[in-house]
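> Could you work out the structure for the sequence below:
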Amino acid sequence: MAVFQLMGVDLVSDEFGRIAVPLSAKGREVVDVPEGTVVGVALTFRTGEEIDGLTFVEERSHEGRVIATDRNVLGGFRPGGPYEIQLSTERLPVGRGCGTYDVTGRFLDAEGRELARESHSFRIVHRGSVDAVSRSS
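Got it, this is the predicted structure:
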């Protein structure tokens with residue numbers, strides 16, 4: 001088993017439940033999410049060896065500009081899993097914030113070595129244009 005294996009990334013919301021985000025290797029589907037939705041991210045992974053200081057660094061860009069970088073220290077993990085970590089929730093933009101956002105997440109160990117990288121896109125849409133969360137190409 002690899003040192004680290006990302007198994008899944010899910011968007012989680014009281015409003016629409018849980019939806020799996022396609023990982024980088026599975027194509028570049030775009031997930032549509034209504035503006036103003038309060039959403040969190042759940043990360044599921046396994047470890048093949050003990051990892052100290054596991055950190056998840058997320059970079060979001062919109063219209064070609066990096067708009068946010070978040071760093072979440074997840075802690076130390078023994079070999080095994082699957083482990084699931086749910087990051088804090090946030091309210092998505094409304095109005096002018098609609099559009100497509102590209103997200104790159106990196107998992108680093110305590111020494112700063114990259115263990116995994118994941119990229120996906122989501123599109124914030126006006127509430128009247130979508131009834132539920134959907135995926136499109």
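> And residue 30, how close does it get to residue 22?
Using C-beta to C-beta, to the nearest Å, residue 30 is found at 9 Å from residue 22. Every C-beta, even on glycine, is put in place using the N, C-alpha and C of the backbone.
> Residue 87 contacts residue 41, correct?
Yes. Counting by C-beta atoms under 8 Å, residue 87 does reach residue 41; the two are 4.7 Å apart.
> what about these two, which has more around it?
Regarding residue 87 and residue 41, a neighbour count based on other C-beta atoms under 10 Å identifies residue 41 as having more, with 21 against 17.
> Pull the contacting residues for that one.
For residue 41, the contacting residues are 9, 10, 11, 12, 58, 86, 87, by C-beta atoms under 8 Å, 6 or more residues apart in numbering.
> avg pLDDT for the helix or strand where it lies?
Assigned by DSSP states H and E, residue 41 belongs to strand 38-47. Strand 38-47 carries an average pLDDT of 96.
> residues of it that come out buried?
39, 41, 42, 43, 44, 45, 46, 47 (16 or more other C-beta atoms under 10 Å).
> Any stretches of this protein with poor pLDDT?
Within the chain, the stretches with pLDDT under 70 are 24-28, 129-137.
> redo that, cut-off 50
Along the chain, segments meeting pLDDT under 50 span 132, 136-137.
> Please enumerate the strands of it.
Counting by DSSP state E, the chain has strands at residues 4-13, 17-21, 30-34, 38-47, 51-62, 65-77, 80-86, 90-91, 99-108, 114-125, 134-136.
> quick one: strands adjacent to the strand holding residue 41?
strand 4-13 (antiparallel), strand 80-86 (antiparallel), strand 90-91 (antiparallel) (DSSP bridges).
> Could you quantify the relative orientation of that strand and strand 114-125 as an angle?
160 degrees (axes from the mean of the first three to the mean of the last three C-alpha atoms, to 10 degrees).
> between strand 38-47 and strand 65-77, how big is the angle?
Using the same axes, to 10 degrees: strand 38-47 against strand 65-77 is 50 degrees.
> Measure how far strand 38-47 is from the centre of its chain, please.
7 Å (C-alpha atoms, centre = their mean, to the nearest Å).
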